[in-house]
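Engineer: Mind looking at a prediction? Sequence and model below.
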Amino acid sequence: MPQCKRSQRSLSPSAVTDCSPIRNSCILLRVILRVGHFSHRTEKAYVYWIQRYVRFHGVRHPRELHEADVARFLAHLAAECRLSAATQAQALAALLFLYRHVLDRPLRGLGTVPRARAPLRIPVVLSRTEVEAVLGVLDGTTRLIGMVLYGSGLRLLEALTLRVKDVDLERGEDRIRRAKGARDRVTVLPDRLRQSLSDHLGLVRRQHEQDLAEGAGSVALPDALQRKYPQAAKAWPWQWVFPARRRYVDSSDGETRRHHLHESVMQRAMSAAVRRSGIGKRASCHTLRHSFATHLLEGGYDIRTVQELLGHRDVSTTMDLHPRAE
């Protein structure tokens with residue numbers, strides 16, 4: 001079977017400027033995605049798949065390509081590259097968006113395209129004892145993040161992108177802004193975390209004040225808030241709850257900022273903690289979220305409450321991930 005030629009040529013975003021058949025489509029695609037407030041990750045993924053699609057067809061403009069060409073590319077991903085069902089679905093979504101919203105020519109009649117069947121997997125769930133064992137191995141900021149993931153049922157990036165204003169210690173609530181699907185929600189903050197978070201925020205505030213004294217102290221703001229509220233980027237309420245250790249210089253305006261902690265830091269710490277705990281399960285940061293939901297259901301909470309706390313659009317998603325809820 002022919003090998004997938006994915007690594008044959010670089011597909012970095014900068015490559016767009018080197019290929020005129022791709023450039024204008026990708027520029028327009030980015031504009032439409034940003035107008036629609038799609039996430040940066042979605043934008044990056046869609047641009048990548050369009051570049052790969054065009055290169056697969058010999059750098060021809062997408063307008064010259066038709067349903068049969070799309071089907072051939074998707075079949076290549078499935079049969080030769082053997083990509084997962086989720087990755088194939090992402091590639092198809094990017095192409096559907098390109099033809100519908102950028103080229104104004106919706107795809108019709110793709111026919112039968114070979115695709116991997118998405119496996120129906122029940123997520124790994126840790127017992128309360130196992131959760132305590134894993135969290136006990138973590139230390140410092142990573143331990144606090146792990147406690148927030150489990151105690152509030154957050155996705156990793158939801159926890160890392162929390163801002164000071166979104167944590168209500170008095171009410172015991174976390175406000176999650178523009179989560180998956182661009183939906184806000186409110187979830188619980190356990191009593192046992194309040195003091196730890198309060199102490200942590202005290203350290204973060206001292207760090208922020210030191211940054212301000214050194215002429216820094218800014219964070220990136222969503223959408224056009226930087227222009228609307230020029231001083232907000234340095235205001236305490238907008239700071240990250242879990243800031244990165246190092247500052248960086250924003251190439252767009254030369255401002256020295258501090259990003260939130262990168263997800264790979266927590267992922268590596270969690271992976272090491274699982275190994276050292278000896279629990280014998282393949283667990284990740286997301287496992288803490290599933291464990292949160294399962295333990296609530298076992299404790300007698302109804303499925304609708306768990307759905308709202310997790311931020312699922314449909315209760316069927318919650319039930320599929322946690323069959324015991326039925």
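Structural biologist: Looks like it arrived, so ask away.
Engineer: Can you spell out which helices and strands pack onto the longest strand belonging to the chain?
Structural biologist: As assigned by DSSP state E, the longest strand anywhere in the chain is strand 243-249. Applying 3 or more CB pairs under 8 Å, 6 or more residues apart in numbering; DSSP states H and E, we find strand 243-249 packed against helix 191-213, strand 256-260. Placement of C-beta: from N, CA and C, glycine included.
Engineer: Quick one, which of these gets closest to residue 156.
Structural biologist: Closest approach to residue 156 among the helices and strands packed on strand 243-249 is made by strand 256-260 (11.0 Å; CB to CB).
Engineer: which residues make contact with that closest one from outside it?
Structural biologist: Strand 256-260 is contacted from outside by 160-161, 211, 215-220, 233, 239-240, 242-244, 246-250, using CB atoms under 8 Å, 6 or more residues apart in numbering.
Engineer: what's downstream of it, the next helix or strand?
Structural biologist: Heading C-terminal from strand 256-260, the first helix or strand you meet, by DSSP states H and E, is helix 263-277.
Engineer: Can you list the buried residues in the next helix or strand after that following helix?
Structural biologist: Per DSSP H and E, helix 263-277 leads on to helix 285-298 as the next helix or strand towards the C-terminus. Residues 285-297 are the ones in helix 285-298 that count as buried (16 or more other CB atoms under 10 Å).
Engineer: And the helices in the stretch 101-250 of the chain?
Structural biologist: 128-137, 140-152, 156-160, 191-213, 225-228 (DSSP state H, counting those that start in this stretch).
Engineer: tell me the average confidence for the third one?
Structural biologist: Model confidence over helix 156-160, given as mean pLDDT, is 95.
Engineer: Which strands or helices does it pack on?
Structural biologist: helix 140-152, helix 263-277.
Engineer: May I have that helix exported as PDB, CA atoms only?
Structural biologist: This file holds the C-alpha atoms of helix 156-160, laid out as PDB (Å, rounded to 0.1, in the frame of the first residue of the first chain):
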ATOM      1  CA  LEU A 156      -7.600  21.400  30.700                       C
ATOM      2  CA  LEU A 157      -7.600  24.600  28.600                       C
ATOM      3  CA  GLU A 158     -10.700  25.900  30.400                       C
ATOM      4  CA  ALA A 159      -8.700  25.700  33.700                       C
ATOM      5  CA  LEU A 160      -5.600  27.200  32.200                       C
END
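Engineer: Throw the helices of the stretch 101-250 of the chain into CSV and include distance to residue 41, thanks.
Structural biologist: Listed next are those as CSV, based on distance: least, CB to CB, whole Å:
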stretch, distance to residue 41
helix 128-137, 27
helix 140-152, 19
helix 156-160, 9
helix 191-213, 25
helix 225-228, 20
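Engineer: surely residue 96 meets residue 110?
Structural biologist: No. Using CB atoms under 8 Å as the test, residue 96 is too far from residue 110 to be in contact (9.4 Å).
Engineer: Can you list the buried residues in stretch 262-275?
Structural biologist: 263, 265-266, 269-270, 273-274.
Engineer: CA atoms only for the longest strand of the chain - export them in PDB, please.
Structural biologist: Output of strand 243-249 as PDB, limited to C-alpha atoms (Å, rounded to 0.1, in the frame of the first residue of the first chain):
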ATOM      1  CA  PRO A 243       0.300  32.400  34.400                       C
ATOM      2  CA  ALA A 244       3.400  31.200  32.700                       C
ATOM      3  CA  ARG A 245       6.700  31.600  34.400                       C
ATOM      4  CA  ARG A 246       8.200  33.600  31.500                       C
ATOM      5  CA  ARG A 247       7.100  36.700  29.800                       C
ATOM      6  CA  TYR A 248       7.200  37.300  26.100                       C
ATOM      7  CA  VAL A 249       7.200  40.200  23.700                       C
END
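Engineer: partner strands of it, parallel or antiparallel?
Structural biologist: Neighbouring strands of strand 243-249 in its sheet, by DSSP bridges, are strand 256-260 (antiparallel).
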